[in-house]
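Colleague: have a look at this prediction, sequence included:
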Number of protein chains: 2
Amino acid sequence: MRKNDVVLLAHGDGGALTHELITGLFLRYFPGRTLQSLTDAAALELSGGRVAVSTDSFVVSPLFFPGGDIGKLSVCGTVNDLAVVGAKPLYLTASFLIEEGLPLAELERVVASMAAACAEAGVEIVAGDTKVVGRGNLDRLFINTTGVGLIPDGVELGYARLAPGDQILVNGPIGEHGMTILALREGFGFAGQVASDCAPLNGIIGELLAAVPGVKLMRDLTRGGLATAAKEIALAAGCDIILKEDAIPVRPEVKGAAELLGLDPLYLANEGKFMAVVPAADGEKALGVLRRHPLGQEAALIGEVCSGRGNVYLKTAFGGTKFLDMLAGTPLPRIC
Amino acid sequence: MRKNDVVLLAHGDGGALTHELITGLFLRYFPGRTLQSLTDAAALELSGGRVAVSTDSFVVSPLFFPGGDIGKLSVCGTVNDLAVVGAKPLYLTASFLIEEGLPLAELERVVASMAAACAEAGVEIVAGDTKVVGRGNLDRLFINTTGVGLIPDGVELGYARLAPGDQILVNGPIGEHGMTILALREGFGFAGQVASDCAPLNGIIGELLAAVPGVKLMRDLTRGGLATAAKEIALAAGCDIILKEDAIPVRPEVKGAAELLGLDPLYLANEGKFMAVVPAADGEKALGVLRRHPLGQEAALIGEVCSGRGNVYLKTAFGGTKFLDMLAGTPLPRIC
C-alpha cells in the first residue's frame, strides 16, 4: 500500500484488494487476537455481569479537527455510551464506509487515531467491515462503532431511582466540541481558540462508581447538549430538574463565541462530558472524586432533582427562571 | 409523522424531531423491551456459551429489489455472519445513516421489512442510532447492523480442523443476489427473471449443526462469491480445495445472463447461501439435512478438501482444471 494511493472501488469488492486493505492496514493497527482470526463473527470472553451493547455511526465533517478526528471520536463516543450505563467497555466493532478516492494516507491517520484511543480506553477492536462506494455517494468517510461491555453485578442505574434532592454534576466545561466543529466549518476567526473535548470517559466514571456506589444515573452530553439530556432525564424519570446557570462551567471563549452567534452552550454537543445524578448526601464526595481525575478538574455541582412532571428549569445568573426544552429547529448536522 | 413527509436535518440533531422519529417510527416496529428503555447502551442477558459479535454496513443500491430490500438485507447479512461461526443470533443493533430528503414512507417500508426479517430470524433489535446528513453527502440510506449471538458449548468450528477428504456443500444455486442487483441497476431486460436469495440462514444452519455435530467450517457466500470464499478458506487452512463445476447449482437464467455479460457466477454475491465443510463420512447425511429445509432444497455436494498449500481448483464440465483466485478487478460496488 503506497502512501499516495487512494481508495478504489475494488478495495470494497470483497476480493484481493479488500484482503490487502484488511491485512495491510486494519490488522496492522488493531492487533487483537480476536480480530486477527478474520472469521465472520468474533467470539468474545464475557462473564461476571450483564452484557451492555451500544451502537453509533460517526459522520463528522471535517474529518480532522482541533482535539480529535473521526477515528478518536468513533472510539470515544461508543466507549462513553457504555460507560454511562455503568458498563466496563471491553470490545468494539468498527465498520468503515469510504468514498472512492479517499487518500489511503488519510484513512491510515484515522485508523492510527482509533488505535491510540482504544489503547487509552482499554478496549479492543474485535470485528470489522469495509464498504467502498462510488464518488459522490458518500462524503469521504463515515465510521460505525458498536461496543460491548460488562455491567458489574451490583451496578443498578436507572431513571426510576431519581428522587427529590438528588444532586447533579458535570465533569467540566460544556460546549467545546460543538463550537469547535462549528467554528472550523464556518471559517470563524476564533477557530484556533477552541478544541474538542473528545475523550474516553470510562476511566473517570469507573473511579466515580468505585468511590460513590450510590450513583443513580449518568448521561453523556453529545448531540443536543446538556439541556436536551436534562430534559430527556426529567421526562423519563417523571421529575423536574433545576439547573443553576452560574454553576455550569463554560470556557470564556466558548461563551463569547456562542453569544456572538446567538447560540446557547447548553445545547452544544460535547464528546468528553457527562452528567451524573447522585443522592444528596453524596454530592460533595462525588465532586471531589471527579476533580481529582484529569478529565474532571473543572467538575461542578450544577443542579438538583425536584418533584415534578418532566420540566427542566434554569435559574439564571440574574435571578430569573427559564424553561429548557429539547433542542429543536437549529440543527448543526454532522457534528459527530 | 405524516406519510408524505421527508427526513429533515433536524431529525438527526438529537432534539425534538429525533425523539419523534425514534418513538413514532423505530419503537413502533421494534418492540423489544431492551430497545424501548432508550438508554445509552442496552443490557443483554447472555449465558451458556461464548459470545459472538459481527458488524456489517449495508449500502446496496437500489434500496428495493426483487427478493428483498436494504432492511431485510441488513438483518439477514448480520444474522448469517453469526450463524456461520456456529452462533445462535440473539440481538442486533441498527444504525441508520440517512440523506436529508429521504421520504419517511420509504424509511418506514425499510424499517417494517427489518422487523419482519427479525421475526423470521428470531432476533431482537436492542440498540439503535440515527444520523441525518445534508443532501449530496450520502446516497439516500445506509444501515449498519451489529449482531450478538451465543456459540453453544461444544461447537468448535475453525480452519485448523480441515483435513483431506472433507466434503464441501452449498445449500442452493449461486449468484442470484449479485445478478439481481446488476440487472436492476443496469436496466437489463432479464431484470424481472431473477430475484435475490436474501434470507436468514440461522434456521437451516441450526438444523445442520444439530444433526451433524462434526461440521468443521461454514462461510456465507456474500461479496466475492463462492470462489473468493473457497480461496480464503484454502489460504487460511493451508490446504487445497477442489470444486466440481458440474455439481455447483446455478439457475439457467443466472447462468445465461452471466455468459452474456462475461461474468462468472462463482464470483457473484449471494445473500442466502453458505458453504459447509464436513468430514467425508458426514457428506451424504449433511446433504439430506439441508435438502429437507426450505432454504436447502437444491443443496449439493460440490467439492472436497485436499492436501496442498492454499490453491482452489475447478474441475470443469469439459474435464479440464482451472485455478480460482480471489475476485479482482471487476468491482460491482454497493451490492450489499
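Modeller: Done, it's in.
Colleague: could you name the helices and strands sitting against whichever strand or helix holds A:Ala227?
Modeller: For A:Ala227, the host element (DSSP states H and E) is helix A:225-237. On a contact count with 3 or more CB pairs under 8 Å, 6 or more residues apart in numbering or on different chains; DSSP states H and E, helix A:225-237 meets strand A:217-220, strand A:239-244, strand A:274-278, strand A:312-315, strand A:321-324. Placement of C-beta: from N, CA and C, glycine included.
Colleague: out of those, which is closest to chain B?
Modeller: When those are compared by CB to the nearest CB, strand A:217-220 sits nearest chain B, at 6.7 Å.
Colleague: picking that back up, state the mean pLDDT of the helix holding A:Ala227.
Modeller: Mean per-residue pLDDT for helix A:225-237: 93.
Colleague: and if you look at stretch A:139-157?
Modeller: The average pLDDT within stretch A:139-157 is 92.
Colleague: in that stretch, what counts as buried?
Modeller: Of the residues in stretch A:139-157, A:139-151, A:155, A:157 count as buried by neighbour count, 16 or more other CB atoms under 10 Å in any protein chain shown.
Colleague: same for chain B: which of these are within range?
Modeller: For chain B, the contacts drawn from the buried residues of stretch A:139-157 by CB under 8 Å from any CB of the partner chain are A:139, A:142, A:144, A:146-149, A:151.
Colleague: any bit of stretch A:76-85 sitting next to chain B?
Modeller: Yes: interface with chain B: stretch A:76-85 contributes A:80-82, A:84-85 (CB under 8 Å from any CB).
Colleague: contacts for that stretch?
Modeller: A:52, A:54-56, A:58, A:68, A:88-89, A:92, A:117, A:121, A:123, A:145-149, A:151, A:157, A:198-202, A:205-206, A:218-220, A:222, A:271-272, A:274, A:336, B:39-41, B:43 (CB atoms under 8 Å, 6 or more residues apart in numbering or on different chains).
Colleague: from the residues you listed, which land in helices?
Modeller: A:117, A:121, A:202, A:205-206 (DSSP state H).
Colleague: out of those residues, who's the most crowded?
Modeller: The most crowded member of the ones in helices among the contacts of stretch A:76-85 is A:Ile205, carrying 30 neighbours; neighbours defined as other CB atoms under 10 Å in any protein chain shown.
Colleague: quick revisit: got the angle for the helix holding A:Ala227 vs strand A:239-244?
Modeller: Between helix A:225-237 and strand A:239-244, the angle formed by their directions is 160 degrees, by axes from the mean of the first three to the mean of the last three CA atoms, to 10 degrees.
Colleague: now helix A:225-237: buried residues?
Modeller: In terms of neighbour count (16+ other CB under 10 Å), helix A:225-237 has its buried residues at A:225-237.
Colleague: nearest to chain B among those residues?
Modeller: Lowest distance from chain B to these (CB to the nearest CB) belongs to A:Thr228, with 5.8 Å.
Colleague: is it true that the closest one touches A:Leu327?
Modeller: Yes: between A:Thr228 and A:Leu327 there is a contact under CB atoms under 8 Å: 4.8 Å.
Colleague: now do the shared contacts for these two.
Modeller: What both A:Thr228 and A:Leu327 touch, as defined by CB under 8 Å, 6+ apart, is the set A:267, B:14-15.
Colleague: enumerate every residue touching the closest residue to A:Ala94 other than its chain neighbours.
Modeller: Using CB to CB, 6 or more residues apart in numbering or on different chains and skipping the chain neighbours, the partner closest in space to A:Ala94 is A:Gly128 (4.8 Å). Neighbour list for A:Gly128: A:22, A:26, A:30, A:35, A:93-96, B:55 [criterion: CB under 8 Å, 6+ apart].
Colleague: before we move on, the earlier item: just the buried residues from the residues of stretch A:76-85 next to chain B, in ChimeraX please.
Modeller: In ChimeraX syntax, the buried subset of those is picked out as below (16+ other CB under 10 Å):
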select /A:80,81,82,84,85
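Colleague: inside helices: which ones of the residues of stretch A:76-85 next to chain B?
Modeller: A:80-82.
Colleague: so what's the residue count around the nearest residue to A:Val85 once chain neighbours are set aside?
Modeller: Ranked by CB to CB, 6+ apart and with sequence neighbours excluded, the top spatial neighbour of A:Val85 is B:Ala41, at 4.4 Å. Look at B:Ala41: counted by other CB under 10 Å, it has 29 neighbours.
Colleague: ok, now A:Ala127?
Modeller: 30.
Colleague: what bridges to it?
Modeller: A:Thr93 (DSSP bridges).
Colleague: which residues touch it?
Modeller: Counting by CB under 8 Å, 6+ apart, A:Ala127 has contacts A:34-35, A:41-42, A:93-94, B:53-55, B:146.
Colleague: and the residue of the stretch 101-250 of chain A found nearest chain B, what is it in contact with?
Modeller: Of all residues in the stretch 101-250 of chain A, A:Arg223 sits closest to chain B, at 2.8 Å by CB to the nearest CB. A:Arg223 makes contact with A:269, A:327, A:335-336, B:12-15, B:18 under the criterion CB under 8 Å, 6+ apart.
Colleague: apply 10 Å and report the result again.
Modeller: A:177-178, A:229, A:267-271, A:327, A:331-333, A:335-336, B:12-15, B:18, B:131 (CB atoms under 10 Å, 6 or more residues apart in numbering or on different chains).
Colleague: and A:Arg28, how many neighbours does it have?
Modeller: 14.
Colleague: and it, how close does it get to chain B?
Modeller: 18 Å (CB to the nearest CB, to the nearest Å).
Colleague: phi, psi of the residue nearest the centre of chain A?
Modeller: Here the mean C-alpha position of chain A is nearest to the C-alpha of A:Gly77 (CA atoms, centre = their mean), at a distance of 3.1 Å. Backbone torsions for A:Gly77, taken as degrees, to the nearest 10, come to phi -60, psi -50.
Colleague: from A:Lys244, how far out is it?
Modeller: 28 Å (CB to CB, to the nearest Å).
Colleague: same question for A:Gly49.
Modeller: 36 Å.
Colleague: and what of A:Val84?
Modeller: From A:Val84 to A:Lys244 the distance is 22 Å (CB to CB).
Colleague: okay, the residue nearest to the centre of chain A: pLDDT?
Modeller: Value listed for A:Gly77 in the pLDDT field: 97.
Colleague: go on, A:Ile98?
Modeller: A:Ile98 carries a pLDDT value of 92.
Colleague: what sits against it?
Modeller: Taking CB under 10 Å, 6+ apart, we find A:Ile98 in contact with A:6-9, A:11-12, A:21, A:104, A:106-107, A:130-133, A:138, A:140-143.
Colleague: quick one: stretch A:295-309 to chain centroid distance?
Modeller: Put simply, stretch A:295-309 sits 19 Å off its chain's centre (CA atoms, centre = their mean, to the nearest Å).
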